[in-house]
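K.L.:
With the sequence up front, the predicted model follows.
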Amino acid sequence: MKTTKIRVTTEDFDAGEEIRLAAARSPAAGGIASFVGVVRNCNDGEAVSAMSLEHYPGMTEKALAEIVEKARSRWPLEDVTVIHRVGDLKLGDQIVLCLVCAEHRREAFEACEFIMDWLKTEAPFWKKETTPSGARWVDARESDEAAKARWTNGL
């Protein structure tokens, strides 16, 4: 049975446990690809000491589900898990987990990357970083748009 798990939460997640659960739901999967994003200590050459993420409840989950469906239309995926945290986070905290199970590794890797590229530009999250010069909202990057565009330009 092909499954999708989407969760937006303030709580941390256990990536190893999520992989175990996805593998158990996906006995036909021969490949499991995952990505975990974490709060790093610098951005655009400036130190970062913390991050806060905001979202629109309901709308965010819907956008994530639409991104997963786009991936499912391109690759035969067994299981997809997307967990994204919101609220106040500190250095090293996990932000996002994207986990994809597919029959073959290539589909798993490509779909995982596709979901993350689309999530960065299409999911309604707002990120604020704490820096030595004060808090700042982080705008979308041209590189994020370029990463998303390569999937529509025939990668």
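P.N.:
Perfect, I can see it now.

K.L.:
wait, what's in contact with Trp126?
P.N.:
Applying CB atoms under 8 Å, 6 or more residues apart in numbering to Trp126 gives the contacts 53-55, 137. Bear in mind the C-beta positions are built from the backbone N, C-alpha and C, glycine included.

K.L.:
Which members of the residues you listed are classed as buried?
P.N.:
Applying a neighbour-count criterion of 16 or more other CB atoms under 10 Å, the buried members of those are 53, 55.

K.L.:
out of the contacts of Trp126, which are inside strands?
P.N.:
The strands, defined by DSSP state E, take in 53-55, 137 from those.

K.L.:
wait, Arg40 sits on Asp93?
P.N.:
No: using CB atoms under 8 Å, Arg40 is not in contact with Asp93, being 10.3 Å away.

K.L.:
more crowded one of the two?
P.N.:
Set Arg40 next to Asp93 and count neighbours by other CB atoms under 10 Å: Asp93 wins out with 15 against 12.

K.L.:
Quick check, the more buried one in contact with Val39.
P.N.:
Yes: using CB under 8 Å, Asp93 is in contact with Val39, at 4.9 Å.

K.L.:
Quick check: neighbours shared by the two?
P.N.:
Here Asp93 and Val39 have Met51 as joint contacts, going by CB under 8 Å, 6+ apart.

K.L.:
Quick one: the strands in this structure, in order.
P.N.:
Going by DSSP E, the chain shows strands at 3-9, 31-38, 42-43, 46-47, 50-55, 77-85, 87-90, 94-102, 125-131, 134-138.

K.L.:
okay if I get those as TSV plus distance to Leu64 and mean pLDDT?
P.N.:
Formatted as TSV, the strands of the chain follow (distance: least, CB to CB, whole Å; pLDDT from 0 to 100):
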stretch	distance to Leu64	mean pLDDT
strand 3-9	5	97
strand 31-38	14	98
strand 42-43	23	92
strand 46-47	29	94
strand 50-55	10	97
strand 77-85	5	98
strand 87-90	17	98
strand 94-102	10	98
strand 125-131	10	95
strand 134-138	19	92
